[in-house]
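S.K.: Dropping a prediction and its sequence here:
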Amino acid sequence: MQVEKIRPQVIDDILDMLSKDYKISMEREGIHTTDLLYCLRKAFWNKTAPLLPTPQETMYYLSGLGLQDALLRSIPSQPIMVDGIWMSPDYLDDNTLLELKTTMIGQKRLDAFDFPEGWVKQLMAYCYGYKRNSAILLVLNLLKREMFSYVLTFTDEELEENWSWIRMRTASLMMALNSGVVPRERGFDFECNNCRYRLRCSLLDIPEQGISQLSEQLLK
């Protein structure tokens, strides 16, 4: 038996087809809750000068969207706009608001209720928008192929505080989009890993003098 570790063109064709089916490379109209929870620079560039997702980003999105489609495809989406911000939970009916997440985070951390901050803020935003205090977090652990569920209940004060933070982020993003100036606010540290805009971000954070020196070095 002869085996070669190569990447035939058909692999990229399949990934491209899946990306188009799930609209991974398409920017959504308007401002969405998830635009505001994470890196504002990425949200800005997605709307003004987008790059294609990296292969790692594509696989990350496909794993989550594929599972969501398999489990919840029959559930009609009911997006709403609150204060100019769109929100669309994965599952919603009269009694249940649910968000599905895929992750490599282990059960020990999950059962300690040490959830990523972005998840919690997203659930709080949806609770605020849909006028309820509880939401279900459904988590699929990709390592063990196990599913865990948690019910998060928030106080009115927590929801108000979180929404005030989101509105401040909205103002920063809108100011950046209107002025064409990249926002200074970044996201969580993990977002930089495999980010398609990492080089742009690195150059943006270099002082003007440093950029001149870097340009000179590249020209040598």
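M.R.: Thanks, I have the structure now.
S.K.: Leaving out chain neighbours, which residue sits closest to Leu173?
M.R.: Take Leu173 and drop its neighbours on the chain: the residue closest to it by CB to CB, 6 or more residues apart in numbering is Leu40, 5.3 Å away. In this view, the C-beta of every residue, glycine as well, is placed from N, C-alpha and C.
S.K.: where's the one you found relative to Ala176, distance?
M.R.: Using CB to CB, to the nearest Å, one gets 7 Å for the distance from Leu40 to Ala176.
S.K.: can you list residues touching both of those two?
M.R.: Common contact partners of Leu40 and Ala176 (CB atoms under 8 Å, 6 or more residues apart in numbering): Pro183.
S.K.: Helices of this structure, residue ranges please.
M.R.: 9-21, 33-37, 40-48, 55-72, 107-111, 117-129, 156-179, 198-204, 208-219 (DSSP state H).
S.K.: Could I get the ones you listed in CSV, plus columns for mean neighbour count?
M.R.: Putting the helices of the chain into CSV (neighbours: other CB atoms under 10 Å) gives the following:
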stretch, mean neighbour count
helix 9-21, 12
helix 33-37, 21
helix 40-48, 20
helix 55-72, 15
helix 107-111, 12
helix 117-129, 21
helix 156-179, 15
helix 198-204, 13
helix 208-219, 9
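S.K.: quick one: Leu97 from Ile14, how far?
M.R.: Separation of Leu97 from Ile14 (CB to CB) stands at 34 Å.
S.K.: And Val151, by the same measure?
M.R.: For Val151 relative to Ile14 (CB to CB), the value is 38 Å.
S.K.: Next up, the contacts around the nearest residue to Gln122 once chain neighbours are set aside.
M.R.: Nearest non-adjacent residue to Gln122, counting by CB to CB, 6+ apart: Leu37, 5.7 Å away. The contact partners of Leu37, by CB under 8 Å, 6+ apart, come to Gly118, Lys121, Gln122, Ala125, Ile166, Arg169.
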